[in-house]
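Asks: Structural data only, the sequence is not supplied:
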C-alpha cells in the first residue's frame, strides 16, 4: 500500500500539484486590473480553496472514483459503462465519450507547455539571473526541455518513473512547508475557509467576478487524472495520497501565497506605491534557496507533463479499440508492464501542438486562459456520463440520481461558462483542437459505417455458403485459412473473392472476428470462443478489453483448441478484406469528408501489424467502395 501510494503521488497528482505555480497569480490578475484591496485577495483565495474541496475532494475523490469499470476510470471507461447500461450501440454515450476524448487532447497539449514554461519563468524572480533570462531565453530553455521530454518517449519511461513518487513527495512537502511558513505573515488568513468571502467577490464584481472564477479553476486542473489512473494504483492509494499529503500541501501553499500577498499589499500601502501582482509562489522562497525551488519545480512540471503524455497514449489506445479512431502503430516499451506503450504519431503531433503554443503565447499568464475550457469541458462530459451510470447501471431512482448529479453538473457548467468568457484571450485553442479531433472521430465512425453497410449488402449468410459448398465442393488445397471479419455470421468478403477468383477452398477454414469488450481487460482463458459450423468451417470470436492490444496468432491457439485442433504456423494463411475507397459526391459523405476518411484509411496502421500477424502469411482481397 505504501509503494502504491508513493507511486500514485508521483503520477496522479503531478498536474494538480504544479497548479500553485500560476493559479493564484493568474486568478488575482482580473481582480487587480483597477487596483486591489484585501477583500479581493481573500475572495480569490476562498474561491480557490472551495473549488479544491467541492470539485476534487467531493466530486472526484469521494464520488466519481466509485464509478469504475473493473478498476479502470477516465472518460472512455465511463463511456464503456454507459454504453453497457444504455445498450452497446447507444449514440448518446458514444457522442459524450468522443467529446470528452477530443477535449482531453486539448488539455494534453496545454499542460506540458504551461507547466514547464511557468517553472522556467521562475528564473526571472532571482535578481542575479533575471538579466540573463529574458523572455527569449526562457522560451529557448522551455523548448529544449519539451523537445527532450518528447524525444525520450520512444525509449520508455519505466526506469525513470520510479523517481516520480519520491520527487513529487519532496515537492509537496516543500510547497506545504513554504505555505506554512508564510501563513505567519497574516495568521488570520484562515478566515477564507468561510465561503462568504468568495461569494461576496462574485456578487460585487459582475463580469470581472466571472473572469476571476474562470481563472480560479486553474487550481483544480488535473483532477481528471484521479479517475483516469485508478487502474494503475487503485482507489485507496489515491485517496490516501490526496487526504494525507497532497490536499494539505496545496491548501497550505495557497494560504501562504494569500498571506504573502496581503502582507505585500500592506507594505505597498505603507510605502505609497502601487501593488504589483507577481509570481507569489517563487517569491515566497528566500533568494538563497529559490534556485533549488525552481529546479524542483522543473522536475515536478516534467513529471506532470509525462503523466499527461502517457494519458494521451492510453486514451488513444482505448479510442482505437472502441472504434473511434483508425488503427495507429502501438509499441510496448516495457516487458514487465502492458500499460507502458508508445504511439509515435500521437507523440509527434502533441509535440508540434505544444511548441506552437509556447511560441504563440510566449508567457504562462497568456497561456493560462486557454487551459480552463478543455478541462471544464471534459468535466461536464464526465458528469453527464456519471448520471447515465448511476441512473441506468447502478439503478438509482431518477430523483436520487438528479439530486446527486445536478449540483456537480451545475458547478461544472458555472466554471465552463466562466471560462468561455476567455475564448478571445486564448480559450479558442482547446476548442479548435477538440473540434478537429471531433471531426476526425465523426468522419472515421461515419466512414466505417458506410463501408460496413456496403459489405452487409454484398454478404451472404455463412451457414448458407457452407451448405452450398457442401453440396458442390470446389477444388481443395492443404492447410488452414484464417479469414478475419467484423461479422462472424456472414461470409467474409475475402472468402467470397478467394472462391470467385482462385476457385479453391482450404482444408480447414476459420472465420475469426475481433470483439472489444466494455471492460479494460479480458481473462485470457475466456478470450476465444469457437463454434464448429461443419467439416469445412469453424467460427472463432476473440474478445479483448479496450485497454488491450490484440495478438491474433497467439490467441488463436485458445480458439483453435476449442475446436479440438491446433494450428500449424507453417500451413496457416491469413486472409484480410481490404477494400479500395473511392470518393463520391452523390452518395455517402460530402466530398471533402470523403477525402479525410480516405486519408485516415491510407495512413492507418497495417492490420497485420496491429493484430500481430506475420506479414508473410497474409493475403489481402477486396473491391472498390464509394464513400
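Replies: Sure, I can see it. Quick caveat, the model's predicted, so the values are computed rather than measured. Numbering: from 1, shown residues only.

Asks: Surely residue 222 is in contact with residue 23?
Replies: No - using C-beta atoms under 8 Å, residue 222 makes no contact with residue 23, being 10.7 Å away. C-beta here means a position set from N, CA and C on the backbone, and glycine is covered the same way.

Asks: more crowded one of the two?
Replies: residue 23 (28 against 24; other C-beta atoms under 10 Å).

Asks: Can you list the buried residues in stretch 305-316?
Replies: 305-316 (16 or more other C-beta atoms under 10 Å).

Asks: would you turn the residues you listed into CSV with pLDDT?
Replies: As requested, the buried residues of stretch 305-316 are exported to CSV (pLDDT from 0 to 100):
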residue, pLDDT
305, 90
306, 87
307, 83
308, 86
309, 88
310, 84
311, 83
312, 86
313, 86
314, 82
315, 84
316, 88
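
Asks: shared neighbours, residue 222 and residue 23?
Replies: Taking C-beta atoms under 8 Å, 6 or more residues apart in numbering as the contact criterion, no residue touches both residue 222 and residue 23.

Asks: Between the buried residues of stretch 305-316, which sits nearest residue 99?
Replies: When the buried residues of stretch 305-316 are compared for distance to residue 99 (C-beta to C-beta), residue 315 wins out at 12.9 Å.

Asks: Quick check: what element follows the helix or strand in which that closest one is found along the chain?
Replies: Residue 315 belongs to helix 287-321 when assigned by DSSP states H and E. The helix or strand immediately downstream of helix 287-321 is strand 331-332, counting by DSSP H and E.

Asks: roughly how far is the helix holding residue 315 from the heart of the chain?
Replies: 14 Å (C-alpha atoms, centre = their mean, to the nearest Å).

Asks: ditto for stretch 275-293
Replies: 33 Å.

Asks: distance between the ends of that stretch?
Replies: 25 Å (C-alpha to C-alpha, to the nearest Å).

Asks: List the buried residues in that stretch.
Replies: Quick answer for stretch 275-293 (16+ other C-beta under 10 Å): 275, 277, 279-285, 290, 293.

Asks: Quick one: mean pLDDT over it.
Replies: Across stretch 275-293, pLDDT averages out at 90.

Asks: contacting residues around stretch 533-541?
Replies: So stretch 533-541 is contacted by 462-463, 466-467, 469-470, 488, 505, 508-513, 515, 528-532, 556, 559-560, 562-563 (C-beta under 8 Å, 6+ apart).

Asks: and what of stretch 588-602?
Replies: Outside stretch 588-602, the residues that reach it (C-beta under 8 Å, 6+ apart) are 326, 439-440, 443-444, 446-447, 450, 581, 583-585, 626-627.

Asks: What mean pLDDT does it get?
Replies: 86.

Asks: That stretch: which residues count as buried?
Replies: For stretch 588-602, a neighbour-count test (16+ other C-beta under 10 Å) marks 588-589, 593-594, 596-598, 600-601 as buried.

Asks: Show me which pair in the residues you listed is furthest apart.
Replies: The most widely separated members of these are 588 and 600, with 14.6 Å between them, by C-beta to C-beta.

Asks: what ranges of the stretch 501-627 of the chain fall below the confidence cut-off?
Replies: Within the stretch 501-627 of the chain, the segments meeting pLDDT under 70 span 518, 558-566, 585, 627.

Asks: What segments of it are helices?
Replies: 552-561, 591-603, 607-610 (DSSP state H, counting those that start in this stretch).

Asks: which one of those lies closest to residue 102?
Replies: Of these, nearest to residue 102 by C-beta to C-beta is helix 591-603, at 15.0 Å.
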